[in-house]
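S.K.: The following block contains a protein sequence and its predicted model.
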Amino acid sequence: MPRIVLTFGTFDVFHVGHLRVIERAAAFGDRLVVGVSSDALNISKKGRAPVFSQGERLAIVAALKPVDEVFVEESLELKRDYIEQHAADVLVMGDDWEGRFDEFKDICEVIYLPRTPAISTTALIEKISGVGE
Ligand code: C2G
């Protein structure tokens, strides 16, 4: 049986921190499934629309070599359903979510990975738009 790894994210303004977490997540199993947050979820979570639409973000993530499957994450509340639907053996998240998904340890392994330092979508947006210059 292949070991299925599941991870989630918005992956807006895709950068090397996103790539690294996806590569490290894939190394925990044989098949990597990625839930990409919908535009609506992003607006409710962060109070702004992502720079790239969910269709664009899905296409970028789906094209990555370590990624086998992508789907739209419609709600944070549906994590358990997504884990079950995809028969995930492992849930991997960056450590900005440390402890937040421990409740799913009854149905899969839950692993938090250290974030790549000094890079984020918000910092990139600020840099590109010249905020603080
Ligand atoms: N990440 C990272 N290093 C960075 C930036 C991000 O390792 N410098 C990781 C995050 O920890 C996360 C993934 O990249 O695991 C995606 O990050 P975001 O797009 O910011 O995802 P987020 O908005 O936190 O959405 O259900 C959970 C949400 O969908 C997660």
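M.R.: Right, received. Where do you want to start?
S.K.: Going by C-alpha atoms from here, please, whenever you check contacts or count neighbours.
M.R.: Noted.
S.K.: Dump the longest helix anywhere in the chain to CSV, restricted to CA.
M.R.: If each helix of the chain is counted by residues according to DSSP state H, the longest one is helix 16-26. Once non-C-alpha atoms are left out, helix 16-26 reads as follows in CSV (Å, rounded to 0.1, in the frame of the first residue of the first chain):
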residue,chain,number,x,y,z
VAL,A,16,11.1,28.8,-2.2
GLY,A,17,9.6,28.3,1.4
HIS,A,18,6.5,26.8,-0.3
LEU,A,19,8.7,24.5,-2.4
ARG,A,20,10.8,23.3,0.5
VAL,A,21,7.8,22.4,2.6
ILE,A,22,6.3,20.5,-0.3
GLU,A,23,9.6,18.6,-1.0
ARG,A,24,10.0,17.7,2.7
ALA,A,25,6.3,16.6,3.0
ALA,A,26,6.7,14.4,-0.1
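S.K.: what about that helix and the ligand, any contact?
M.R.: Yes: part of helix 16-26 sits close enough to the ligand to count as contact by CA under 6 Å from any ligand atom, namely 17, 18, 21.
S.K.: Ok, stretch 105-120 next?
M.R.: Yes: under the criterion of CA under 6 Å from any ligand atom, the ligand is reached by stretch 105-120 at 115, 116, 117, 119, 120.
S.K.: Per-residue confidence, the closest residue to the first one other than its chain neighbours, what does it come out as?
M.R.: Same thing as residue 115. Leaving aside its chain neighbours, residue 115 sits nearest to residue 94 (5.6 Å; criterion: CA to CA, 6 or more residues apart in numbering). Residue 94 is assigned a predicted lDDT (pLDDT) of 95.
S.K.: Run a quick neighbour tally on residue 94.
M.R.: Counted with other CA atoms under 10 Å, the neighbours of residue 94 add up to 20.
S.K.: which residues does it contact?
M.R.: By CA atoms under 8 Å, 6 or more residues apart in numbering, the residues touching residue 94 are 21, 112, 113, 114, 115.
S.K.: what bridges to it?
M.R.: Residues found in beta-bridge contact with residue 94 (criterion: DSSP bridges) are residue 113.
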